[in-house]
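K.L.:
structure for the following, please:
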Amino acid sequence: MRSVLLIIFFIFIIVSSRAQQPTAHDGKINVVAFSKDQSFVFSGGSDGIVRGWDVTTGTNLFILPQGFPVTEIFVSKDNKYLIASASPYQHVVWDINQKLKLKDIGGCRLKGFTSDNKSIVSYKVDTIVNKAVISLISLDDFNENVIYSGFLSDAHFWSFDIFEDNKSLLLADKNDLKIHSFNDKQLIPKIKLSQQIINITVSSDARWAITEPFQGLIDLVNEKVVKGIADTSDKVGSWKFASDENSLVLHSGKTLLFFDLDTFSVKRKIMLPEEAVYVHLSSGGQYAAYVNDDSRLFLLNVFGKGNLVELIGDDISEKVAYQNYLRGIYYYQQGDFNKAILLFTSAEENTERADKLYELRGDAYMQIGEYEKAVKDLRKDCELHNNRSLLKLARAYVKNQEYDLAVLSLTDYKGMGKRLRWKELATDPVLTSMGQYPDWKKLLKQVEQEKTEAEKMADISEWMMNKKNYLAALEYINKAIALE
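P.N.:
Modelled structure (predicted):
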């Protein structure tokens with residue numbers, strides 16, 4: 001019995017120590033992508049960031065704080081641009097070298113970059129009328145150019161990929177493969193497959209294609225399916241054309257199979273150290289990045305002996321929190337107060353630089369009618385920043401029907417040597433809702449008696465304006481300006 005308890009204890013220690021180790025991302029890793037030259041690998045996770053890694057050292061070179069969970073990554077072939085998607089219809093374009101966000105793109109799905117690095121391939125599909133529209137979005141001005149618009153047999157079973165020459169695309173419509181030329185707008189049938197298609201990938205030399213579900217290697221030149229490779233269709237998890245090796249690489253469980261595209265035979269078999277949940281292969285086939293059950297990210301040099309490294313990131317919670325704070329300010333300014341509140345809340349515990357977080361979130365709560373929460377935030381801001389939000393806090397107290405605290409806040413503000421202008425108080429739509437509340441009337445009268453000479457001149461000017469004595473009004477307003 002004692003030995004069994006010791007074994008359980010040591011297992012607990014091992015599992016606990018592993019759980020405490022830093023990982024590539026804080027939470028689930030959703031996507032991995034290599035640069036075309038195989039020098040970088042990028043990962044995106046539910047923590048809302050993209051990490052860029054050096055494939056030779058496993059070093060984390062930089063982060064791109066997306067803010068939303070990253071579900072897809074596309075990298076241009078010149079390594080200049082990166083697209084990180086938060087959902088099928090929400091994307092951010094980054095300049096990798098400058099670590100600069102260039103553009104938010106929404107309302108469409110993306111396929112990636114064109115081979116000339118000039119455009120982004122986007123598409124929209126209407127499943128009600130079964131129509132697809134494919135466009136190229138220019139990286140210069142982000143304008144769209146439609147390259148295909150047509151009806152489908154079934155909008156739930158279709159896909160496409162653009163050929164390397166950027167002059168035509170391969171369209172999969174249910175189980176039919178067709179080629180569409182951008183110039184003459186022709187749609188040429190190529191081959192009919194046995195199963196309906198939901199995804200398709202074309203090789204860089206435009207000879208081969210692979211579909212999902214996997215139906216074998218498709219020879220586009222001879223318009224046939226190479227059956228020998230289709231034998232593994234029930235096991236294939238992912239695939240990649242390895243251009244440098246003239247190979248098709250298939251992932252199945254712990255295994256990477258390299259099929260020679262000339263002989264259609266397996267020329268290399270690589271065993272991963274463990275079962276992989278997700279595997280992504282570099283375009284040259286030299287590197288494989290995989291994610292295990294514990295959401296840990298590993299980089300494998302396929303041609304190296306035992307060259308396996310875990311990619312581990314640094315703690316960037318402060319950076320991500322501050323980015324969310326800045327994004328919260330943006331949505332606050334746009335009037336999307338609910339989204340701003342969510343972002344401010346996500347940044348609350350992890351950043352010291354968000355100096356206006358409580359003031360802005362409190363004001364956002366005011367805008368959506370959450371007055372009790374507004375009071376709490378604005379009171380916190382006053383505690384942290386020497387009562388700078390007392391006027392806003394007073395308004396929040398009024399909205400929350402705490403009139404005594406509202407008047408107390410205004411009195412404290414006045415006691416700090418701050419100017420309370422009678423006219424601004426008397427016309428404030430929130431404060432004046434206190435109506436006949438005695439302390440409010442007393443404060444209002446006191447402020448009126450303390451009017452400055454400038455305010456008195458301004459009042460006379462307004463009275464003259466109402467009397468249509470414009471020259472006298474101008475004279476008194478000039479006196480008010482001079483006294484200020």
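K.L.:
only C-alpha atoms for contact and neighbour calcs from this point on.
P.N.:
Fine.
K.L.:
pLDDT of whatever helix or strand residue 330 lives in, averaged?
P.N.:
Assigned by DSSP states H and E, residue 330 belongs to helix 317-334. Confidence for helix 317-334, expressed as mean pLDDT, is 75.
K.L.:
by contact count, what packs against that helix?
P.N.:
Packing partners of helix 317-334 (3 or more C-alpha pairs under 8 Å, 6 or more residues apart in numbering; DSSP states H and E): strand 60-65, helix 337-347, helix 357-367.
K.L.:
contact partners of that helix?
P.N.:
48-49, 65, 67, 337, 339-344, 346-348, 350-351, 353-354, 357, 360, 364 (C-alpha atoms under 8 Å, 6 or more residues apart in numbering).
K.L.:
thinking again about what came up before, residue 285: which of the helices and strands packed on helix 317-334 is closest?
P.N.:
Between residue 285 and the helices and strands packed on helix 317-334, the shortest separation by C-alpha to C-alpha is 21.5 Å, and it involves strand 60-65.
K.L.:
and the angle from that closest one to helix 317-334?
P.N.:
Direction vectors for strand 60-65 and helix 317-334, defined by axes from the mean of the first three to the mean of the last three C-alpha atoms, to 10 degrees, enclose an angle of 20 degrees.
K.L.:
following strand 60-65 in sequence, what is the next regular element?
P.N.:
Scanning the chain past strand 60-65 towards its C-terminal end, the next helix or strand to appear is strand 72-75 (assignment: DSSP H and E).
K.L.:
ok, now which ones touch the closest residue to residue 391 other than its chain neighbours?
P.N.:
In space, residue 391 comes closest to residue 410 once its chain neighbours are excluded; the distance is 6.5 Å by C-alpha to C-alpha, 6 or more residues apart in numbering. Under the criterion of C-alpha under 8 Å, 6+ apart, the neighbours of residue 410 are 390, 391, 394.
K.L.:
so who does the closest residue to the last one other than its chain neighbours touch?
P.N.:
Pointing back at residue 394 there. When the adjacent residues along the chain are set aside, residue 394 lies closest to residue 406, with 4.2 Å between them (C-alpha to C-alpha, 6+ apart). In this structure, residue 406 makes contact with 393, 394, 395, 396, 397, 398, judged by C-alpha under 8 Å, 6+ apart.
K.L.:
ok, and the most crowded of those residues?
P.N.:
Across the contacts of residue 406, neighbour numbers were computed from other C-alpha atoms under 10 Å; residue 396 holds the maximum, 32 neighbours.
K.L.:
what about stretch 169-177, distance to the chain center?
P.N.:
Between the centre of stretch 169-177 and the centre of its chain there are 31 Å (C-alpha atoms, centre = their mean, to the nearest Å).
K.L.:
and for it, what's in contact with it?
P.N.:
Applying C-alpha under 8 Å, 6+ apart, the contact partners of stretch 169-177 are 152-154, 157-163, 178-182, 189-200, 202.
K.L.:
rewinding a little: and the contacts of helix 317-334, which are buried?
P.N.:
48-49, 65, 67, 337, 339-341, 343-344, 346-348, 350-351, 354, 357, 360, 364 (16 or more other C-alpha atoms under 10 Å).
K.L.:
partners of the closest residue to residue 149 other than its chain neighbours in the sheet?
P.N.:
Counting by C-alpha to C-alpha, 6+ apart, the nearest residue to residue 149 once its immediate chain neighbours are dropped is residue 133, at 4.4 Å. Beta-bridge pairing for residue 133 (DSSP bridges): residue 124, residue 149.
K.L.:
the one 5 residues further on too?
P.N.:
For residue 138, the beta-bridge partners under DSSP bridges are residue 119.
K.L.:
who are the contact partners of it?
P.N.:
Listed by C-alpha under 8 Å, 6+ apart, the contact partners of residue 138 are 118, 119, 120, 144, 145.
K.L.:
can I have the buried ones of those residues as a PyMOL selection?
P.N.:
Buried subset of the contacts of residue 138, written as a PyMOL selection, criterion 16+ other C-alpha under 10 Å:
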select buried, resi 119+120+144
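K.L.:
nearest to residue 266, of the contacts of residue 138?
P.N.:
Taking C-alpha to C-alpha as the measure, residue 120 is the one of these closest to residue 266, at 34.8 Å.
K.L.:
hang on, isn't that closest one packed against residue 141?
P.N.:
No: contact between residue 120 and residue 141 fails when scored by C-alpha atoms under 8 Å: they sit 11.5 Å apart.
K.L.:
first-to-last residue distance for stretch 248-260?
P.N.:
7 Å (C-alpha to C-alpha, to the nearest Å).
K.L.:
no no, stretch 264-273
P.N.:
Using C-alpha to C-alpha, one end of stretch 264-273 lies 26 Å from the other.
K.L.:
repeat that for stretch 258-271.
P.N.:
12 Å.
K.L.:
pull the residues that contact it.
P.N.:
The list of residues contacting stretch 258-271 from outside it, by C-alpha under 8 Å, 6+ apart, reads 226, 228-229, 246-250, 254-257, 302.
K.L.:
burial count for residue 125?
P.N.:
If you count neighbours by other C-alpha under 10 Å, residue 125 ends up with 20.
K.L.:
SS state for residue 250?
P.N.:
Assigned by DSSP: H, G, I helix; E, B strand; the rest coil, the conformation of residue 250 is strand.
K.L.:
pretty sure it sits against residue 242.
P.N.:
No: with contact defined as C-alpha under 8 Å, residue 250 does not reach residue 242; the gap is 10.2 Å.
K.L.:
so what's the residue count around residue 303?
P.N.:
By the measure other C-alpha under 10 Å, the count of residues near residue 303 is 11.
K.L.:
which one is it nearest to, not counting chain neighbours?
P.N.:
Of all residues apart from its sequence neighbours, residue 286 sits closest to residue 303 (C-alpha to C-alpha, 6+ apart), at 6.3 Å.
K.L.:
where do the helices of the stretch 101-250 of the chain begin and end?
P.N.:
For the stretch 101-250 of the chain, the helices defined by DSSP state H, counting those that start in this stretch occupy 227-230.
K.L.:
would you map the strands across it?
P.N.:
Here the stretch 101-250 of the chain has its strands, by DSSP state E, counting those that start in this stretch, at 109-113, 119-126, 131-138, 144-151, 158-162, 168-173, 176-181, 187-192, 199-202, 208-212, 217-219, 224-226, 238-242, 247-252.
K.L.:
need those in JSON lines (columns: distance to residue 369 and mean pLDDT).
P.N.:
As requested, the strands of the stretch 101-250 of the chain are arranged in JSON lines below (distance: least, C-alpha to C-alpha, whole Å; pLDDT from 0 to 100):
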{"stretch": "strand 109-113", "distance to residue 369": "36", "mean pLDDT": "92"}
{"stretch": "strand 119-126", "distance to residue 369": "38", "mean pLDDT": "93"}
{"stretch": "strand 131-138", "distance to residue 369": "41", "mean pLDDT": "94"}
{"stretch": "strand 144-151", "distance to residue 369": "41", "mean pLDDT": "91"}
{"stretch": "strand 158-162", "distance to residue 369": "46", "mean pLDDT": "91"}
{"stretch": "strand 168-173", "distance to residue 369": "50", "mean pLDDT": "91"}
{"stretch": "strand 176-181", "distance to residue 369": "54", "mean pLDDT": "91"}
{"stretch": "strand 187-192", "distance to residue 369": "56", "mean pLDDT": "88"}
{"stretch": "strand 199-202", "distance to residue 369": "47", "mean pLDDT": "89"}
{"stretch": "strand 208-212", "distance to residue 369": "49", "mean pLDDT": "87"}
{"stretch": "strand 217-219", "distance to residue 369": "60", "mean pLDDT": "88"}
{"stretch": "strand 224-226", "distance to residue 369": "63", "mean pLDDT": "86"}
{"stretch": "strand 238-242", "distance to residue 369": "50", "mean pLDDT": "79"}
{"stretch": "strand 247-252", "distance to residue 369": "53", "mean pLDDT": "82"}
